[in-house]
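Undergrad: sharing a model prediction with you, sequence too.
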Amino acid sequence: MLDNALMDHLLNNLNTEQLAAVTLPAQSALILAGAGSGKTRVLTTRIAWLLKTGQVSSYSILAVTFTNKAAKEMLARLGTMLSDNLRGMWVGTFHGLCNRILRLHWKDAALPQSFNILDAQDQLSAVKRILKVANLSGDWYKPQSVAHYINSQKEKGLRAGDVRPRDHHEQELARIYEIYESQCQREGVVDFAELLLRCCELLERNQPLREHYQSRFRHILVDEFQDTNDMQYRWLKLLAGKDTAIFAVGDDDQSIYAFRGANVENMLAFRTDFKVKNFICLEQNYRSKGNILDAANALIAHNQKRLGKNLRTDAGQGEPVRILKLPSDTNEADWVCQEVQHLKAEGIPYREMAVLYRSNAQSRVLEHSFINKKIPYRVYGGLRFFERAEIKHAIAYLQLISNPNNNAAFMRVANFPPRGIGTRTLEQLDDLAKANNCSLYDAIPLMNGRSRSALEAFARIIDQGTASTFNKNLPDLITSIIESSGLEMYYQKEKEGAERLENLEQLISAAAQFLIEEGYDFEQYAQTSSLSVNTNASNDVIASSPNIIDANDNHPVNMSPLSAFLSHASLEAGDAQADENTDAVQLMTVHAAKGLEFEAVFITGLEEGLFPHENSSHDKKGLEEERRLMYVALTRAKKKLYLSCAEYRMLYGHANYNKHSSFIDELPEENTKLMFKQKKASYIDEAEWGNIPSSKPQTSATHHKWRAGQSVYHKKFGEGVIIRLESGDRAFVNFGSVGMKHLDLTIAKLERL
DNA sequence: AAATATCAGCTTTTT
DNA sequence: GCTGATATTT
């Protein structure tokens, strides 16, 4: 039981609103939690409170997050508050929890017991295999767009048979979707969207099961509610019974994932669907100084569609937000480095500084500067551990061991390392498999001729692995498969193989670590318990005596260590590289920065067209999401915030001359300070900056000077002709062999010829 | 089966 | 302008 004094201590550290949220009665509630308002603390203390007051046991609590990182953080914090009360509680991501339910009720869900999970890459290759046969071409049938189509249908809850095609193309897409569905089913694999959809269908179809979970979970807590998509909301509604209280925490102003299906409207829908009486705003910010917060508040106030909220702080005004315009992207990068060195000298560690940008392409120039100045840095968002080729190869062998029907895994490693199984052989095998409606693996004995023995040698590697699941623990199994598959030998011979071998070693230790963290017995082999196969009668079992399922749906989940590890590998791609402990400046996109905080933040590339990005800024909806993105960026900073833009930027091989971002104009003058690189910096037009923040209508003085057809000279591009003038003083100029440029005439220095 | 040529694509992205 | 993926070559 939780210590009384500790609980008092936890409650004493909350402000009025937080306390109100934490101690809310057992009814559904919507908590609007602003940036830096102690959201995670409220979530975890709420759980502690529910347990402490004896309202429920941990068994009745489900907490769901979006990312593994958030789930882990929540568990870690709960661990410091509670001793052993965590047992029985479900904490995880939407996908992780769906996986858990599907593993428990695999039979009811019409899945093989050890189904594999496809990550985005795997899904793409599955689609490619289909497209090769379907013989379709054109932009509509690019693997990427087909996969996107399938995913969006699944997110709408539509199976291939439910699709009502609008035109010929969609008819074809629906046909591919149908083939994809049956292929996945045949191969015993499930993609990310399928985890959600399949789980929802299971709960919808199976009333006793649904009622079991609905009465079990008395409290469902949802983190980052503004990021939920329609399917996730449907899942929540299915799990919530009439006595379930949903505690939804989110911030509509930080909704930046609409482009991948997140639906902020779920916050409004939730209020009506669940007749939410408890609505609490957390507006006290514990992160940023006043100027930073005021600037962020003023910016986001430009959005019309908001629930409405204004952050406040007791931390004092602090320094003004510094704004700087530089001649070029390289100058900008150099200046950032220079300022980083100043801050370091002032005593701020590198790891407390972040350089943010709108798109990944911008990192290049910055990195170049950091290397030059020998400043340690770390770029977020590279290849993650489980996405590396050598790891995916090893995983493919393991997938085949757990599920030989997985043709994607089969194709991936049948001839890797090379063992004389050519494309021709695989084609023949594929034909046989199709003709006999079986997997590639099962088609091997049907082959004849020379190729058969090569295939059999491959099958033997898999079979040996399968056999050792009964007498080897997981790390040993992986060690032996890396050896017997020939991966080890292959990378030993390879020139660049040393690093790959190291990663394979890491895979083995990751497995060992995983077993410990998940509470598996180290010497546990294939299946965890005989109870795991009770799903034949599960309907009755669950309906009549929930205790039986309770006994075995806690940790370790009823998955074999191998299946569990494979799920882990697909659902949690791991961190991008190690070095998390080294003191380095953090470089990342604004999206990647969500949820993080730093002493000092640089937001770079604040140019119209880049941030806000021109692909998003045409309609109001898009522009408002860009503004929320800017809001997220601003609110990452604790003490120091720098905004910079460049007059000239090289992007995708084209020169860009853009105005500074309109978002800069939306910041109040009293919270900002314009900086100048040099006193007489000719490239900074002080008058232009004097206009901030009043957005003075653009005068078109330049239009008197320029006309279409005018011959001009540009220092970099040479001679050209103005083709077309546009409002906003922009023009298309044809520079002949250099190409057509879209220039802002107030910035680009053109001479008349 | 590796080496080389060609070619699209290019905002954000977790599971 | 650069990268990653595919096509073509030897």
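TA: Ah, there it is.
Undergrad: next to DNA strand B, which bits of the stretch 151-300 of chain A? Give me the list.
TA: A:192, A:256-257, A:259-260 (C-beta under 7 Å from any atom of the strand). Where C-beta positions appear, they are placed from N, C-alpha and C, glycine not excepted.
Undergrad: what are the ranges of the helices in the stretch 401-550 of chain A?
TA: With helices called from DSSP state H, counting those that start in this stretch, the stretch 401-550 of chain A shows them at A:407-413, A:423-435, A:440-443, A:450-468, A:474-484, A:487-493, A:497-517, A:538-544, A:546-550.
Undergrad: repeat for the stretch 51-200 of chain A
TA: In the stretch 51-200 of chain A, the segments counted as helices under DSSP H, counting those that start in this stretch are A:68-81, A:94-104, A:120-134, A:143-155, A:168-187, A:192-205.
Undergrad: out of those, deepest packed?
TA: helix A:94-104 (a mean of 23; mean count of other C-beta atoms under 10 Å).
Undergrad: ok, how many other residues are close to the closest residue to residue A:152 other than its chain neighbours?
TA: Leaving out its chain neighbours, the residue that sits closest to residue A:152 by C-beta to C-beta, 6 or more residues apart in numbering is residue A:261, at 7.3 Å. A count of neighbours around residue A:261, defined by other C-beta atoms under 10 Å, yields 17.
Undergrad: right, so of the helices of the stretch 401-550 of chain A, which gets closest to residue A:154?
TA: When those are compared for distance to residue A:154 using C-beta to C-beta, the nearest one is helix A:407-413, at 18.0 Å.
Undergrad: touching DNA strand C at all, that closest one?
TA: No: Helix A:407-413 is not in contact with DNA strand C by C-beta under 7 Å from any atom of the strand; minimum separation 12.6 Å.
Undergrad: identify the residues contacting that helix?
TA: A:116, A:118, A:122, A:125-126, A:129, A:183, A:187, A:189, A:392-393, A:395-397, A:399-400, A:403-404, A:426, A:433, A:439-441, A:485 (C-beta atoms under 8 Å, 6 or more residues apart in numbering).
Undergrad: now a PyMOL select for only the buried ones of the residues you listed.
TA: Here is the PyMOL selection string for the buried members of the contacts of helix A:407-413, based on 16 or more other C-beta atoms under 10 Å:
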select buried, chain A and resi 116+118+122+126+129+183+187+189+392+393+395+396+397+399+400+403+404+426+433+439+440+441+485
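Undergrad: that older thread, mind giving me JSON lines with the helices of the stretch 51-200 of chain A and columns for distance to DNA strand C and mean pLDDT?
TA: Written out in JSON lines, the entries for the helices of the stretch 51-200 of chain A read as follows (distance: least, C-beta to the nearest atom of the strand, whole Å; pLDDT from 0 to 100):
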{"stretch": "helix A:68-81", "distance to DNA strand C": "23", "mean pLDDT": "92"}
{"stretch": "helix A:94-104", "distance to DNA strand C": "23", "mean pLDDT": "96"}
{"stretch": "helix A:120-134", "distance to DNA strand C": "6", "mean pLDDT": "87"}
{"stretch": "helix A:143-155", "distance to DNA strand C": "7", "mean pLDDT": "92"}
{"stretch": "helix A:168-187", "distance to DNA strand C": "16", "mean pLDDT": "92"}
{"stretch": "helix A:192-205", "distance to DNA strand C": "19", "mean pLDDT": "96"}
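Undergrad: switch those over to a markdown table; also include distance to residue A:668.
TA: Written out in a markdown table, the entries for the helices of the stretch 51-200 of chain A read as follows (distance: least, C-beta to C-beta, whole Å):
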| stretch | distance to residue A:668 |
| --- | --- |
| helix A:68-81 | 33 |
| helix A:94-104 | 39 |
| helix A:120-134 | 42 |
| helix A:143-155 | 40 |
| helix A:168-187 | 49 |
| helix A:192-205 | 42 |
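Undergrad: part of a helix, is residue A:324?
TA: No: secondary structure assignment (DSSP: H, G, I helix; E, B strand; the rest coil) places residue A:324 in strand, not in a helix.
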